[in-house]
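Q: predicted structure and sequence below. I'll ask about it afterward.
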Amino acid sequence: MNSILEVTDLNVSFPTRNGVIHASQQVSFRISKGKSCVLVGETGSGKSVIGQSVLRLLPQKSIISGSIRYKGLDILTLSEEEFSHLRGREISLVPQNPSASLDPLMKCGDQIAESVELRGVKKSSVTEEVLHILSNLRFLDPVRVSLSLPSRLSGGMRQRVATGIALASKPQFLVLDEPTKGLDYAARTSTIDILHHIKANRQDTQLLITHDLDLAHRIGDTMGVLYSGELVEFGPVNEIFSNPLHPYTKGLISALPRNGMKPIPGSCPGFLNLPKGCYFHKRCPHPCARGEDVHPEICDISEERQVRCHRFSA
Amino acid sequence: MSETVHIAILRGLSISWEKYDWYHRLKERRDLQIVFVCIIIVFVLSLCAPLLTGQNPNSQDLRGKNQGPSLDHLLGTDYLGRDLFARVMYGLQTSLGIAGTTILISFVIGVSIGSLSGYLGGWVDNCIARIIDLFLAFPSIILALALMLLMGSGILNMIMMLTIVQWASFARLIRGQVLSEKNQDYVLSSRAAGLPGWWIVTKHILPNCIMPVIVLATMDIGHTILTISTLSFLGIGIPPAIPEWGSMINSGLPYMRIAPFNVIIPGLMITCVTLLFNIAGEGLRDITNPLADNEGSL
């Protein structure tokens, strides 16, 4: 298998005063070289936690088990010094909230230049490189943007600058954490265009975390659906959209505006009192008797597709 | 000039101003402008003391002691016949020099230790925070008195002693600032970009949280001038040969009825300079923190 990233049985939990929160449970998936994998799920389904554990940016208190192999190296067992050669150089992150993710007191150009310099570009050509990156991100006036503070830019522009910082180090693996969150329609469309453009032009591998199914459909090659910290369905994007297996995935797709915006009844169980059986049991349109108290395991449907549902196991 | 060039220049200007929003707020505050100009004048006066006075502050003239103002001696003479104006000017030099150096050293020590502690966290932070608490727990004047008795008087000893008393408050303030700042998203994303820790602290965290410490430093210059005067008034700060306001007041006290200027002028100077730095500190806080309530100021 030509996989760049291989996540196996990833468990992440955070001890809190009210009990342990299992933000990610037994998550396993792999991403092949040059493909982009999308993780979708609602707020609090543990999407970002997976992204942050790939970059080892989780708080020190969190408990992590399982393995994340990047090109065969287990990221979780590398020392901080060994990993610092990967972070920001080979693996980089487009952060979740671009308005807060840019240093408010540093000009955008300088922030991109920091990452360009990390790559070892000569001082004299750094500015040129920064302007090149900005114009690739479809800024009409790259010079002005590079001299502006983040507070002078719109949300969509900040998102593009944040993307520029991540691309500046020419990474081979890019983690995009909700790139369209909080953007209006126009900014969202242009961001999707740019991501599409990046994907078409660069041969890097991407892990895209989003709750935006349109974005997933457009950019993704494979897709994983997360529910309450678990992967409930995984497979090629086209197949999942044309033939969703898990009732939650079906619900998500029929909740899209173009499919009539039919909501899924009920809400996610809280992380602190997860049911013993299937987490989706209470909201399931076809509840099964086994789901009441037996937790379903994820099972292979075909070589590429997996689903966590009693109706497909055995 | 063609229009495009013109626009480019305007743009350049507006961009260079954007970074300094406080500059705009300063332009609206006439009172602060006056205070800052006064501070600059005070600094210039202290540097130009030898030029302004033309008198040696230590040359005695026992026949002309305790005199009132005259053309020779603008503010009169003290109990040893030394020129009061010269001594007040050189006293400004002493006070500002010692206070400025102290604050500068405490600032550097406090900010580096405090930001290191806040950024590293964990047991390093715990240890450093307890040491800071220990230094803050001593009553500063008593600690200063004890240290001065131990080390003896002298300008260098004075600076060292004041630094020992001062640095901890800077360290504590910057530690708190860094602690709250390091959980901001932009710090996380610069870590994700693979920037080294020292770079993140100096280039990203500190510029975003140093302003309150600069405000504290400005106000503390006033405080330090007061402490220096207090200690010299008590006779343990600075050797008597060096003109200093506190010791001038002390030595002028017995002759207050015949030569009141010897007490009044140094006292006024202490009050004015301290007041100046306090107002400047508060003003800096107002203009650098737009969320603060500006209405109540002067």
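A: That came in fine, so what should we check first? Numbers count the residues shown, from 1 in each chain, chains lettered A, B, ... in the order given.
Q: Three-state assignment for the residue of chain A most remote from its centre, please.
A: The outermost residue of chain A, judged against the average C-alpha position, is residue A:124 (34.9 Å), by CA atoms, centre = their mean. Following DSSP: H, G, I helix; E, B strand; the rest coil, we place residue A:124 in the helix state.
Q: all helices of the chain, in order?
A: I'll assume chain A. Listed in chain order, the helices of chain A (DSSP state H) span A:47-54, A:80-84, A:98-101, A:108-118, A:123-136, A:142-147, A:155-168, A:185-201, A:213-219, A:237-242, A:247-254.
Q: to clarify, I was referring to chain B.
A: Applying DSSP H to chain B gives helices spanning B:3-18, B:21-28, B:30-47, B:49-53, B:84-120, B:122-137, B:140-151, B:155-181, B:185-192, B:197-199, B:206-209, B:211-233, B:245-252, B:261-288.
Q: so for stretch B:181-194, mean pLDDT?
A: Here stretch B:181-194 scores 87 as its mean pLDDT.
Q: mind listing what's buried along that stretch?
A: B:181-182, B:184-194 (16 or more other CB atoms under 10 Å in any protein chain shown). (Glycine included, C-beta is placed from N, CA and C.)
Q: what's the closest of the residues you listed to chain A?
A: residue B:194 (2.0 Å; CB to the nearest CB).
Q: which residues touch that closest one?
A: A:84, A:87-89, A:92, A:115, A:118, A:169 (CB atoms under 8 Å, 6 or more residues apart in numbering or on different chains).
Q: give me the subset of those touching chain B.
A: A:84, A:87-89, A:92, A:115, A:118, A:169 (CB under 8 Å from any CB of the partner chain).
Q: among the residues you listed, which one has the most neighbours?
A: Counting neighbours by other CB atoms under 10 Å in any protein chain shown, the top entry in those is residue A:92, with 29 neighbours.
Q: only alpha carbons, please: show stretch A:302-314 as PDB.
A: Coordinates of each C-alpha in stretch A:302-314 appear next as PDB, following Å, rounded to 0.1, in the frame of the first residue of the first chain:
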ATOM      1  CA  SER A 302     -15.900  -3.900   0.300                       C
ATOM      2  CA  GLU A 303     -12.200  -3.400   0.000                       C
ATOM      3  CA  GLU A 304     -12.500   0.400   0.300                       C
ATOM      4  CA  ARG A 305     -15.700   0.800   2.400                       C
ATOM      5  CA  GLN A 306     -16.300   0.400   6.000                       C
ATOM      6  CA  VAL A 307     -19.300   1.000   8.200                       C
ATOM      7  CA  ARG A 308     -20.100   0.800  11.900                       C
ATOM      8  CA  CYS A 309     -23.700  -0.500  12.000                       C
ATOM      9  CA  HIS A 310     -25.300  -3.800  13.200                       C
ATOM     10  CA  ARG A 311     -27.300  -4.100  10.000                       C
ATOM     11  CA  PHE A 312     -24.100  -4.600   8.000                       C
ATOM     12  CA  SER A 313     -22.200  -6.700  10.400                       C
ATOM     13  CA  ALA A 314     -22.500 -10.400   9.600                       C
END
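Q: and the residue farthest from the centre of chain A, how far is that from residue A:117?
A: Counting by CB to CB, to the nearest Å, the gap from residue A:124 to residue A:117 is 12 Å.
Q: and the residue nearest to the spatial centre of chain A, what are its bridge partners?
A: Centroid-nearest residue in chain A: residue A:209, 2.1 Å away (criterion: CA atoms, centre = their mean). Residue A:209 has these beta-bridge partners by DSSP bridges: residue A:39, residue A:177.
Q: list the contacts for it?
A: A:38-39, A:47-48, A:50-51, A:175-178.
Q: and with 10 Å instead?
A: Contact analysis of residue A:209 by CB atoms under 10 Å, 6 or more residues apart in numbering or on different chains lists A:37-41, A:46-52, A:54, A:94, A:96, A:175-179, A:181, A:216, A:224, A:226.
Q: and what of residue A:120?
A: Residue A:120 is in contact with A:89, A:169, counting by CB under 10 Å, 6+ apart.
Q: now with 7 Å, please.
A: Residues counted as contacts of residue A:120 (CB atoms under 7 Å, 6 or more residues apart in numbering or on different chains): none.
Q: can you list the residues of the stretch 51-200 of chain A near chain B?
A: By the rule CB under 7 Å from any CB of the partner chain, the part of the stretch 51-200 of chain A lying against chain B is A:55, A:57, A:84, A:87-89, A:92-93, A:95, A:97, A:100-105, A:114-115, A:118, A:144, A:147-149, A:152, A:165.
Q: which among those count as buried?
A: A:55, A:57, A:84, A:87-89, A:92-93, A:95, A:97, A:100-103, A:105, A:114-115, A:118, A:144, A:147-149, A:152, A:165.
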